[in-house]
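S.K.: Okay, predicted coordinates and the sequence, questions at the end:
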Amino acid sequence: MHSGQKQKLECALYVVATPIGNLRDTSLRALDVLASADAVAAEDTRNTLHLLNHYGLAANRLLALHQHNERGAAERIVALLAQGLSVALVSDAGTPAISDPGALLVEAVRAAGHRVIPVPGANAALAALSASGLAVPHFLFYGFLPSKPSARRRELQPLVALPYTLVFYEAPHRILECVADLLEAFGGERQIVLARELTKLFEHIHLCSLADASGWLNADPNNRRGEFVLLVSGAAQPEGDGGEAGRILAILLQELPLKQAVQLAAKITGAGKNELYQQALQLKENG
Ligand code: SAM
């Protein structure tokens, strides 16, 4: 069976990811579900029609679900599910409910006891992270910061000490002021990745220090065009706190002489002996 062919779907809400630019990032399963669902709830029905037309598909029934009507639309969709029908949810781009409408609907559908089935696919944050070259295991997805500068600066403060890569969405008309606030909050030494127009013709992923980011944006108006994901590297671990390696070292130091504790901690954790030695000296100094 080729994709996009109508089939009988189980009664459920299907949360369907759509492309963030390149239409070929639509999954085969997404096409199946969009062609087969009894109704498709779309953030902008024109956008969804464009995607469906591209694949020569027709939806059974198109409904609008956007940030201004989500509660009312959710009630109507729960009523459709109560009749045993299947409903697909799509947003304009990427994964619904991720900085997009959909979370209220999912909550209402689950509360009414119906199944919610994710149909995963494109997401701008993960696409940017996967190609960023920031080799850290943990990240925090923040999404959009407030558009007002004072609120934005306030919301950045609790993020400053976090040791995780921070992931923001930003619109092109605010990119310069947002990057200026990031510089003020985090300082110039942190790294930033500006990932613009992902999966599109003018895709560009630029890594630099926060100190250099405004200069890069100002160097060419094209650098400020399109949609952006901003990744900011996390805070360096405070001195004397070496994470898991530091914890193990501290335990060993209580039982063993310094040199032996360092050697054993290096063997257990794979951390560098020099770094552990410095840490051990500091731990001893701090008592
Ligand atoms: N639900 C979407 C997702 O899964 O990524 C996000 C929707 S949110 C309303 C739109 C924001 O996502 C844009 O302002 C931009 O920050 C980011 N974005 C979406 N598409 C992008 C792309 N192709 N390149 C870079 N950023 C993108």
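M.R.: Okay, I see it.
S.K.: Tell me who's in contact with residue 96.
M.R.: Applying C-beta atoms under 8 Å, 6 or more residues apart in numbering to residue 96 gives the contacts 15, 16, 17, 43, 89, 90, 102. All C-beta atoms are positioned from the backbone trio N, CA, C, and that covers glycine.
S.K.: 10 Å instead, please
M.R.: 14-18, 41-43, 65, 88-90, 102-103, 105-106, 118-119 (C-beta atoms under 10 Å, 6 or more residues apart in numbering).
S.K.: Give me the nearest residue to it, chain neighbours excluded.
M.R.: Spatial nearest neighbour of residue 96, excluding adjacent residues (C-beta to C-beta, 6 or more residues apart in numbering): residue 102 at 3.6 Å.
S.K.: Just to check, the one you found is in contact with residue 18?
M.R.: No: judged on C-beta atoms under 10 Å, residue 102 makes no contact with residue 18 at a distance of 11.9 Å.
S.K.: Residues of this structure that sit close to the ligand?
M.R.: Contact residues, the chain versus the ligand (C-beta under 6 Å from any ligand atom): 20-21, 91, 93-95, 98-100, 123-125, 169-171, 195-200, 227-229.
S.K.: Show me which of those are buried.
M.R.: Among these, the ones that count as buried by 16 or more other C-beta atoms under 10 Å are 20-21, 91, 93-95, 98-100, 123-125, 169-170, 195-199, 227-229.
S.K.: Take those residues and keep only those in helices.
M.R.: The helices, defined by DSSP state H, take in 124, 125 from those.
S.K.: Just checking, which helix or strand of this protein averages the lowest pLDDT?
M.R.: helix 273-285 (a mean of 72; mean pLDDT, DSSP states H and E).
S.K.: Name whatever forms a beta bridge with the residue in the stretch 51-200 of the chain positioned nearest to the ligand.
M.R.: When scored by C-beta to the nearest ligand atom, the stretch 51-200 of the chain has residue 94 as its residue closest to the ligand, at 2.5 Å. Beta-bridge partners recorded for residue 94 (DSSP bridges): residue 18.
S.K.: residues in contact with it?
M.R.: Applying C-beta under 10 Å, 6+ apart to residue 94 gives the contacts 17-21, 25, 100, 121-127, 198.
S.K.: One more: residue 135?
M.R.: With C-beta under 10 Å, 6+ apart, residue 135 has these contacts: residue 165.
S.K.: what's the pLDDT at it?
M.R.: Per-residue confidence (pLDDT) for residue 135: 86.
S.K.: That one: what secondary structure?
M.R.: Here residue 135 is coil, with the state taken from DSSP: H, G, I helix; E, B strand; the rest coil.
S.K.: which parts of stretch 172-183 are buried?
M.R.: For stretch 172-183, by 16+ other C-beta under 10 Å, it's 174, 175, 178, 179, 181, 182, 183.
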